[in-house]
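Participant: Sequence and predicted structure below; questions after.
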Amino acid sequence: MIPYFKHNSAIVDDGASIGEGTKIWHWTHVSSEAVIGQHCSLGQNVFIGNKVKIGNNVKIQNNVSVYDNVYLEDDVFCGPSVVFTNVYNPRSAISRKNEYRNTIVKQGATLGANCTIICGVTLGLFSFVAAGAVVTKDVKDFALMAGVPAKQIGWMSEYGEQLSIPLTGERTATCPHTQTIYHLKDGHLSKIE
């Protein structure tokens, strides 16, 4: 008996590594070299490429393709129809499989519905990308990004609440839900343990 759930319409190629408690829903395809952690959820019509590593407790909503060279750390949320790319300048007649760029989404990050992540970027810990945004550059830890191209418009707590704090300067803020304190200095936000 396999230690994960797979809907009858889903395809999991031989060789794929899938952690205990993960759920794979309708019409989803997982390629043979993919590595998926424990307690993940892959919604309907999701594609997982070969050179993909997904951490634990990752949620991928419907209609998301996670192509080769995309790495999702623990607790990442991908909203419906999020778009990942792995070639910066594709042409149908020119093979660029040796030009794939890595995309790394760090622990706890949230990617809103229909946002697009251009390949070759790193999204920081607990960063938050608004629905429909297009990310073209690296994203700082806890940054709130929106627009096309995406620009930082604020900071988010680990809990997922916008913090009342400017983008720059030296300040502290407290998450109203968890009472966790965050400190902004030199353009970077960190959590005070």
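Facilitator: Yes, it's here.
Participant: Can you tell me how far the spatially closest residue to Cys78 that is not a sequence neighbour is from Gly187?
Facilitator: Counting by CB to CB, 6 or more residues apart in numbering, Cys78 lies nearest to Ile60, which is 4.5 Å off, once chain neighbours are set aside. All C-beta spots, glycine's among them, are computed from the backbone N, C-alpha and C. Plainly put, Ile60 is 31 Å away from Gly187 if you go by CB to CB, to the nearest Å.
Participant: Please say which of the two ends up with more neighbours.
Facilitator: Each of Ile60 and Gly187 has its neighbours counted (other CB atoms under 10 Å); Ile60 has more, 28 against 11.
Participant: Over to the more buried one: give its phi and psi.
Facilitator: Backbone torsions for Ile60, taken as degrees, to the nearest 10, come to phi -120, psi 110.
Participant: That one and Gln44 touch, don't they?
Facilitator: No. Judged on CB atoms under 8 Å, Ile60 makes no contact with Gln44 at a distance of 10.3 Å.
Participant: which residues of this structure score low on pLDDT?
Facilitator: Along the chain, segments meeting pLDDT under 70 are nowhere present.
Participant: so how many other residues sit close to Tyr100?
Facilitator: Using other CB under 10 Å, Tyr100 has 19 neighbouring residues.
Participant: Surely Asp141 and Gly187 touch.
Facilitator: No. Taking contacts as CB under 8 Å, Asp141 lies outside contact range of Gly187: 11.0 Å.
Participant: Within its sheet, name the partner strands of the helix or strand harbouring Met145 and how each one runs.
Facilitator: Element membership for Met145, per DSSP states H and E: strand 143-146. Strand 143-146 sits in its sheet next to strand 128-129 (parallel), strand 151-156 (antiparallel), going by DSSP bridges.
Participant: any residues touching that strand, and which ones?
Facilitator: Strand 143-146 is contacted by residues 124, 127-130, 133, 135, 139, 151-156, 162, 189 when judged by CB atoms under 8 Å, 6 or more residues apart in numbering.
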